[in-house]
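Enquirer: Need a 3D model of the following:
(chains A and B)
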2 protein chains.
Amino acid sequence: MTENGVSPRAKVLTIDTMNPTVKKVEYAVRGPIVQRAVELERELSEGMKKPFAEVIKANIGDAHAMGQQPITFFRQVLALCSYPELLNDSTFPEDAKSRARRILQSCGGNSMGSYSASQGIDSVRQDVAGYIERRDGGVPCDPDDIYLTTGASDGIVTMLKLLVCGEDETRTGVMISIPQYPLYSAALAELGAVQINYYLNEEKCWSLDISELQRALDEARRHCNPRALCIINPGNPTGQVQSRECIEDVIRFAAKERLFLMADEVYQDNVYADGCHFHSFKKVLFEMGPEYSNTVELASFHSTSKCYMGECGFRGGYMEIINMDSEVKAQLTKLVSVRLCPPVPGQALMDLVVNPPQPGEPSYDNFIKERTATLNVLAEKAKLTEQVLNTVQGISCNPVQGAMYSFPCITIPEKAIKEATDNGQQPDMFYCMKMLEETGICLVPGSGFGQRDGTYHFRMTILPPTDKLKILLKKVKEFHQKFTEQYS
Amino acid sequence: MTENGVSPRAKVLTIDTMNPTVKKVEYAVRGPIVQRAVELERELSEGMKKPFAEVIKANIGDAHAMGQQPITFFRQVLALCSYPELLNDSTFPEDAKSRARRILQSCGGNSMGSYSASQGIDSVRQDVAGYIERRDGGVPCDPDDIYLTTGASDGIVTMLKLLVCGEDETRTGVMISIPQYPLYSAALAELGAVQINYYLNEEKCWSLDISELQRALDEARRHCNPRALCIINPGNPTGQVQSRECIEDVIRFAAKERLFLMADEVYQDNVYADGCHFHSFKKVLFEMGPEYSNTVELASFHSTSKCYMGECGFRGGYMEIINMDSEVKAQLTKLVSVRLCPPVPGQALMDLVVNPPQPGEPSYDNFIKERTATLNVLAEKAKLTEQVLNTVQGISCNPVQGAMYSFPCITIPEKAIKEATDNGQQPDMFYCMKMLEETGICLVPGSGFGQRDGTYHFRMTILPPTDKLKILLKKVKEFHQKFTEQYS
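Expert: Residues are numbered from 1 along each chain as shown, chains lettered A, B, ... in the order given. Just a heads-up that it's a prediction; the model follows:
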């Protein structure tokens, strides 16, 4: 009996009686270290004394939160779509108005408040197809193969959901890179699929070796049914940009081994290193000829959240599916209809990303100026991050060729490893947590993404403004030196 | 070998090798009849001759698509949040600006383009809690129990996901009303949970009888583990509004039988019939005293998509969870973090719904005028629909007390039933498809929601503008008479 005389009823839903697959899900990018960062921010705001004045979050690719400004044109069109009265406002440029009119005409009742088709607004899918054709040098794209999504995560989970079947030794296995973006491991855990790890080659700038794919696949075939291969290019968390040759090899491998390819290409505009270029899987596939382009099943994912726009909060995205069996495609269309539609403002934003101002339009010059400035600053910060980290003894950082992250290897002294292990903590979690408490810098331990046993890393975004990034890198350096001394 | 000399490779992903639970998913609201309606619209636009000039869609609760106008204040604030330059525009009212400033101050980098906390923006959750407290006559609400969602569907699926476990006879069973909203059956099919049907009492205006709940539960206990009870109030597709007594009985039943309660309350402002009032499960639970309020586990769902705002496209919503085990709650928070966050524009809109203009603020009068007008028109159309349908011999329609739908019982002649069955079609699908082809009216057959064997229904929204609704009802009447004659 409790104090008020009521006997407590046992809960229906407890940790022991809840969905066991949900319990297995982990998502380090918003894990315990980030929760502690939020607490620290609150403590600071309540006046508690800390060894730092502010928490700097370099844990997540959240560009606007780090001060990146939105593209003016995109926001003008979104405002016009939200409140069409503004179409009468002469201060808005004509190209913004014409984009807004086109989007609204595609909405039921000319309102973003209407549901769209579950696959996404027709005209937006047409614009996405046009964008892909231009990007891929004329390789044709059918708007019917485009599905708009609630961010790329939504599309990736939906595709994985279609692929999972079988029990025990016939259970679907999905190959993912290690290090990986933990959406993949989380989705596979929730779906009860088998995660097949292939390791990227840190010595060769996180490149992908076909021999390693083969090793991972052969091993996995002993205990599951490998059916899909996921690639993130440019890489998250590792920042590499794959060569065209590598992509061809991967496609040949997928064809030979009968694997469904999933290409996570959300960082397609984020390429900084000299000599690196983004090659879409779609384009390479089609340039390899009909033996491949008629057969290899491919889903490619894009998003409004990254690149130069960084509009994460709108949850916009699309996927393109190639060579999907038509019956399966009908099932996909049915499946997405249950959730009605992706958010329409995110669809509108996706439309602007694939159909930005053109030469001769009033907003063109400013659009190019804003986009170039953002990408240039990112390229500078990618270089700065690599350079500074590599000046620290015990930290070794590959070039940040693309995406928004560095993933340096850190040497953790034996004593620190022991103290962490004694506390039941991963050594790099121990390291990052200590850094957070002492410096206010929030990074994500490498163990949240996966890494070779006995190696330790952290993921750090390159997104803080340059002046703050410099402070951050200096603090990381000082912390690492102090930590190393303390535990040597 | 194909024409171009390439031997087709067997697909990795086929209808036989895809996820079998996905195949079981059905969602009638956007099913084959709606696909045919879209085709017909295209055919009409291409100039094909049809026995009708336009397709009228009364299949889905999509208010703006049917011409309902958005609330001006909401859209002003969304425009301000999208393009904060407009904060300098003197034509926007001050209360809209202050709402926009508050929302933007809660966003990282003051941008809707930033990710929010996965549970939703803090200040929005505080405003939701304030709204619930006012709505429920002061029953306290903790913002920490609020999770913002991507529409109500997202919250419902997430809660069901937590609840599902066990195999065979211990597999989780979930009780849903028949007729039901097919999101529930679709989610249960995908999760592999057992759907337990309890039938609403059509003779008593779709009321819920506890004896029927008991019957369904007792039967289900023989083959699964019933753990949750879902209620939709006001009802979808059936339009009833539950009495306070009924809600008390349901809560007592859930307590006695140890069931987790899920209350889908997205139509909480859509109550039209005299003497009917919306009673939230939360309020009734707390007024029943600590024996219940301290123990019964409840999740309640709301949305920006229905009521007077009808903003479906923004995919905004929230859920409130009561008495959830703290460890399970931590798992819930982790689970939602994998998808990063609900769309921020939808969160902003949810904020406005729970914190609309107040007396004395410049937008108050116009807000009240717009809201009242929309709800009054809906009430008129609810009455009109019931009245006209009941003038048709062979159609019997309960009062549309609330929500946005009528769900009349239709008499289908034996000959038509035979013809449908011979074609492998549900008789009401046969009926609705014929109506679509002959009149251009798109309704959803009752079989898509579930109904007692041997009875037939359709769901029709009350959303078309009054003049169009009158035409629609007239056409339904004529079609039904003709159909009945033809098959008698």
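Enquirer: Report the buried residues of stretch A:405-423.
Expert: Residues of stretch A:405-423 classed as buried under the neighbour-count rule (16 or more other Cβ atoms under 10 Å in any protein chain shown) are A:405, A:406, A:407, A:408, A:409, A:410, A:412, A:413, A:416, A:417, A:420. Where C-beta positions appear, they are placed from N, C-alpha and C, glycine not excepted.
Enquirer: Max pairwise distance over these: which two?
Expert: With distance counted by Cβ to Cβ, no two of these lie farther apart than A:405 and A:413, which are 25.0 Å apart.
Enquirer: hang on, the earlier thing: which one of the buried residues of stretch A:405-423 sits closest to chain B?
Expert: Taking Cβ to the nearest Cβ as the measure, chain B sits nearest to residue A:405 out of the buried residues of stretch A:405-423, at 15.4 Å.
Enquirer: Helix or strand: which one has residue A:398?
Expert: Following DSSP states H and E, one finds residue A:398 outside all helices and strands.
Enquirer: Tell me the spacing between the residue lying closest to it once chain neighbours are set aside and residue A:399.
Expert: Nearest residue to residue A:398, sequence neighbours excluded (Cβ to Cβ, 6 or more residues apart in numbering or on different chains): residue A:205, at 4.9 Å. Using Cβ to Cβ, to the nearest Å, one obtains 6 Å as the distance from residue A:205 to residue A:399.
Enquirer: Next, residue A:416: secondary structure please.
Expert: Secondary structure assignment for residue A:416 (DSSP: H, G, I helix; E, B strand; the rest coil): helix.
Enquirer: Show me the domain layout of chain A.
Expert: Chain A breaks down into these domains under automatic domain parsing: A:20-67+A:368-486, A:115-354.
Enquirer: which of these sits most buried?
Expert: Between the domains of chain A, the one whose residues have the most neighbours on average, counting mean count of other Cβ atoms under 10 Å in any protein chain shown, is domain A:115-354 (a mean of 21).
Enquirer: now the end-to-end length of that one.
Expert: Distance between the boundary residues of domain A:115-354 (Cα to Cα, to the nearest Å) amounts to 21 Å.
Enquirer: Show the average pLDDT along it.
Expert: Here domain A:115-354 scores 96 as its mean pLDDT.
Enquirer: chain center to that domain: distance?
Expert: Its chain's average C-alpha position is 11 Å from that of domain A:115-354, according to Cα atoms, centre = their mean, to the nearest Å.
Enquirer: again, but for stretch A:417-428
Expert: Averaging C-alpha coordinates over stretch A:417-428 and over its chain gives two centres that are 28 Å apart (Cα atoms, centre = their mean).
Enquirer: again, but for stretch A:356-366
Expert: Distance of stretch A:356-366 from the chain centroid (Cα atoms, centre = their mean) equals 29 Å.
Enquirer: what does it rub up against?
Expert: Identification of contacts with stretch A:356-366 by Cβ atoms under 8 Å, 6 or more residues apart in numbering or on different chains yields A:71, A:72, A:73, A:76, A:93, A:94, A:95, A:96, A:367, A:371.
Enquirer: All the strands of chain A, residue numbers only.
Expert: According to DSSP state E, chain A carries its strands in the segments A:56-57, A:146-149, A:172-178, A:194-199, A:225-232, A:260-264, A:298-303, A:317-322, A:395-396, A:405-406, A:409-410, A:441-442, A:444-445, A:458-461.
Enquirer: CSV for those strands, including distance to residue B:49?
Expert: What follows is these, written out as CSV (distance: least, Cβ to Cβ, whole Å):
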stretch, distance to residue B:49
strand A:56-57, 62
strand A:146-149, 32
strand A:172-178, 49
strand A:194-199, 56
strand A:225-232, 47
strand A:260-264, 44
strand A:298-303, 40
strand A:317-322, 36
strand A:395-396, 73
strand A:405-406, 59
strand A:409-410, 71
strand A:441-442, 65
strand A:444-445, 62
strand A:458-461, 60
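Enquirer: can I get those strands in a markdown table with distance to chain B?
Expert: What follows is the strands of chain A, written out as a markdown table (distance: least, Cβ to the nearest Cβ, whole Å):
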| stretch | distance to chain B |
| --- | --- |
| strand A:56-57 | 9 |
| strand A:146-149 | 11 |
| strand A:172-178 | 8 |
| strand A:194-199 | 14 |
| strand A:225-232 | 6 |
| strand A:260-264 | 4 |
| strand A:298-303 | 10 |
| strand A:317-322 | 10 |
| strand A:395-396 | 28 |
| strand A:405-406 | 15 |
| strand A:409-410 | 25 |
| strand A:441-442 | 13 |
| strand A:444-445 | 13 |
| strand A:458-461 | 12 |
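Enquirer: So for residue B:475, which of these sits nearest?
Expert: Shortest separation from residue B:475 across the strands of chain A is recorded for strand A:146-149, at 33.7 Å, computed as Cβ to Cβ.
Enquirer: mind listing what the closest one pairs with, with the direction of each?
Expert: Strand partners for strand A:146-149, identified by DSSP bridges, are recorded as strand A:317-322 (antiparallel).
Enquirer: what does stretch A:196-212 contact?
Expert: For stretch A:196-212, the external contacting residues (Cβ under 8 Å, 6+ apart) are A:173-180, A:213, A:215-217, A:220, A:224, A:226, A:231, A:235, A:238-240, A:242-243, A:246, A:249-250, A:253, A:398-399, A:401, A:407, A:409, A:450, A:452, A:455.
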